[in-house]
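Enquirer: how would this look folded up:
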Amino acid sequence: MLVMPPPVHVPRPYALPTVPLVARVECPMPDGATIVAWTYAPEGVTDAPGTPFGIDLCVPPVLMLHGNGEEHGIFGPVIDAVCASGRSVIAVDSRSQGASTRGTAPLTYELMADDAIEVCARLGVPQVHVLGFSDGGILGLLLARDWGAHVLSLTALGANLTPAGLPKEDTDWMAFAAAENRRWAKEGHEGAELEDGTPVPSPVESARIAELLQLMVENPQIDAASLAGIDCPVTVMVGEFDEILPEETGRIVDAIPGAIKVVEPGIDHNLPKMAPEAVARELFACVARNDECHEAHVVEPPADLAFCRIPVSGLWAEKLDELYRRVDADPGTSGWVQDVWPPAGMARELLAAGAYWGAFEASSVRNDRPTDDAALLGAVAVNHDAAMGNGRAPGHGSGLGGPGWRRHAKRDVAGWHLLAVDPAARGRHVADALIAAGTLAARELGAKVVRLNTNVANVPANALYASRGLTRHRPIWLPYPGLPLPGWSNLWELEL
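Expert: Just a heads-up that it's a prediction; the model follows:
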């Protein structure tokens, strides 16, 4: 009995990356899948302390996520352009595609987004710019929504929120092709060819194809309203003749605050293959929007909190030590270690110099002084010491800050140190009270600008400073021996 083969998709040819591959990294997953990531880097970037897998954390990389049934190589010319710009690329072969294997977990877009997060964790990369095409654009939306502080910008190409965002004839064809591939998986045989000699997928391959097609027939199911919390720069790009319905693209753009829509003339859905120069152009523009400076603004602490100087005498040194013990012991803290950071005795020295300010329950502060039994909810030290590095190593800051900072007299600069919130008080905007306290303290010192540094891996702190109007400057290499952190630190500045 003759068994008819399923529809055979012959992909449009595309150019592979020409920049050298730095690393092929296999990431085993709990369900048995192996997710393969490929890293590409600018010329001259090699593995070194702080630059694992050719990824220089001084310049956050671009995470690239391909479309259904493809592999990362579809971004070839775009990978070349990104590396030529001085930025590295992490390109992931999504689960059950390219070099990555299937595993046993139910196949969903949410699972594949989690795979991408795990890849970044394995590579030691805390923040990325995301470029996603088709299914990869869907993953990008999920990452920007659910992993927001880690996504610096999103360029989504040809993404949809639901299958209804495609023409019905397209989803009908995908459902037919999925069924035909399932049939071939049961009844077909190895080595089959079409009349023109085109190879027919093996039964095993047809089962994989059927599952991927069925994924698009039934998913995604993203509520447009759920995207309202995305606060990174977003560009939604489609081709003039894209299969994605115009109203679907409009729903995505309207749902994300500040999102920009780009329609590339004369192009269909295959943007990375047909218009890589345009994709690179819009990617760079979106990345640049993340790098814009933000206007400083005053942060008012909640009415139930108050801030004031921490008294030098009494049990306050012990309370400070206890605060940092709780912070160091909490798994939500980014890598702080007891007696390593903060170093033993540092907080007490700053307290003795009168540099410490604290956040308290408003009811426990009287006449700008905490009562003796007041709970210390958070603390920050403020003085004129704003040196970031000693300038003796490449990339280090020198004197009053990093290489790109304007020079100021020491009296005009204040530094914030050891800003920390008691884990038990998180969610109460204690950090806002500490920022307000640090701003007041800096003004009392006569400073014109506040400066601080935060490790690149401390994503919540970096997201806080960005959202509160501080300006982020280029990171510097500032390792802390004994801390399980990358050596790069972000430099932050607040004009007073």
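
Enquirer: For the rest of this, base every contact and every neighbour count on C-alpha atoms.
Expert: Will do.

Enquirer: what separates residue 436 from residue 495, distance-wise?
Expert: Look at residue 436 and residue 495: by CA to CA, to the nearest Å, they are 13 Å apart.

Enquirer: ignore the last one, residue 413
Expert: Counting by CA to CA, the gap from residue 413 to residue 495 is 10 Å.

Enquirer: Give the residues shared as contacts by those two.
Expert: Residues touching both residue 413 and residue 495 by CA atoms under 8 Å, 6 or more residues apart in numbering: 448, 449, 450.

Enquirer: Skip the chain neighbours and tell me the closest residue to the second one.
Expert: In this case it means residue 449. residue 495 (4.5 Å; CA to CA, 6 or more residues apart in numbering).

Enquirer: Of residue 413 and residue 495, which one has the most company?
Expert: residue 413 (27 against 16; other CA atoms under 10 Å).

Enquirer: need the contact list for the more buried one.
Expert: Residue 413 neighbours (CA under 8 Å, 6+ apart): 384, 385, 386, 400, 447, 448, 449, 450, 451.

Enquirer: so the fifth one is in which element?
Expert: Secondary structure here is read from DSSP states H and E; on that basis residue 447 sits in neither a helix nor a strand.

Enquirer: And for the nearest residue to it once chain neighbours are set aside, the neighbour number?
Expert: Closest residue to residue 447 apart from its sequence neighbours, by CA to CA, 6+ apart: residue 412 at 4.1 Å. Number of residues near residue 412 (other CA under 10 Å) recorded here: 16.

Enquirer: confidence score at residue 412?
Expert: As predicted, residue 412 sits at a pLDDT of 92.

Enquirer: is it true that it touches residue 443?
Expert: No. Residue 412 is not in contact with residue 443 according to CA atoms under 8 Å; the separation is 9.5 Å.

Enquirer: List of residues touching stretch 168-186?
Expert: 3, 5-7, 163, 202-207, 209-211, 213-214, 216-217.

Enquirer: Now do the helices in the chain.
Expert: 76-84, 109-123, 135-146, 168-187, 203-218, 246-255, 271-274, 276-290, 316-329, 346-352, 430-444, 459-467 (DSSP state H).

Enquirer: Would you mark the buried spots in the fourth one?
Expert: Across helix 168-187, burial judged by 16 or more other CA atoms under 10 Å covers 171, 174-185.

Enquirer: Equivalent analysis for the first one, please.
Expert: Of the residues in helix 76-84, those with enough neighbours to count as buried (16+ other CA under 10 Å) are 76, 77, 78, 79, 80, 81, 82, 83.

Enquirer: Skipping adjacent residues, who's closest to the fourth one in space?
Expert: Distances taken as CA to CA, 6+ apart place residue 17 nearest to residue 79, at 6.1 Å, with adjacent residues excluded.

Enquirer: show me what contacts the one you found?
Expert: 73, 75, 76, 77, 78, 79, 80.

Enquirer: Try it again at 10 Å.
Expert: 40, 72, 73, 74, 75, 76, 77, 78, 79, 80, 81 (CA atoms under 10 Å, 6 or more residues apart in numbering).
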